[in-house]
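In: need a structure here:
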Amino acid sequence: HVVLRPGKITPEEISQVLGEEVLINRGQVSDKDVPKAPGMKYRHYAPS
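Out: Model prediction:
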């Protein structure tokens, strides 16, 4: 499983519930790509 947009719940917490490894996608989307989730295209919209 991959977290596309990190938030309040950590990947470790998700991993404990699922019983599987959870990764974080820290890549940014370029102007020509279609974002996979809200907040991925523009840095100022991404969670801090």
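In: against I14, how distant is K8?
Out: 11 Å (CB to CB, to the nearest Å). Backbone N, C-alpha and C define where each C-beta goes, glycine included.
In: quick one: which of the two has more around it?
Out: I14 (14 against 6; other CB atoms under 10 Å).
In: show me where this structure has strands.
Out: Taking DSSP state E as the test, the strands found in the chain are 2-3, 23-24.
In: what's the average pLDDT for the last one?
Out: Per-region confidence: strand 23-24 scores 84 on mean pLDDT.
In: show me the shaky parts of the chain.
Out: Across the chain, the ranges flagged by pLDDT under 70 are 27-48.
In: for it, what spans make up the helices?
Out: For the chain, applying DSSP state H gives helices covering 11-18.
In: check contacts around T10.
Out: For T10, the contact set (CB atoms under 8 Å, 6 or more residues apart in numbering) is empty.
In: just to revisit the earlier point, out of the strands of the chain, deepest packed?
Out: strand 2-3 (a mean of 14; mean count of other CB atoms under 10 Å).
In: which other helices and strands contact that strand?
Out: Here strand 2-3 touches strand 23-24, going by 3 or more CB pairs under 8 Å, 6 or more residues apart in numbering; DSSP states H and E.
In: direction included, what does the strand it packs on pair up with?
Out: Looking at strand 23-24 with DSSP bridges, its partner strands are strand 2-3 (parallel).
In: ok, and what's touching the strand it pairs with?
Out: By CB under 8 Å, 6+ apart, the residues outside strand 2-3 that reach it are P11, I14, V22, L23, I24, N25.
In: kindly recompute the last result at 10 Å.
Out: Here strand 2-3 makes contact (CB atoms under 10 Å, 6 or more residues apart in numbering) with 9-11, 14-15, 21-26, 36-37.
In: possible to save those as JSON lines with distance to H1?
Out: Shown next, in JSON lines, are these (distance: CB to CB, whole Å):
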{"residue": "I9", "distance to H1": "13"}
{"residue": "T10", "distance to H1": "13"}
{"residue": "P11", "distance to H1": "9"}
{"residue": "I14", "distance to H1": "7"}
{"residue": "S15", "distance to H1": "8"}
{"residue": "E21", "distance to H1": "8"}
{"residue": "V22", "distance to H1": "5"}
{"residue": "L23", "distance to H1": "7"}
{"residue": "I24", "distance to H1": "10"}
{"residue": "N25", "distance to H1": "11"}
{"residue": "R26", "distance to H1": "15"}
{"residue": "K36", "distance to H1": "13"}
{"residue": "A37", "distance to H1": "13"}
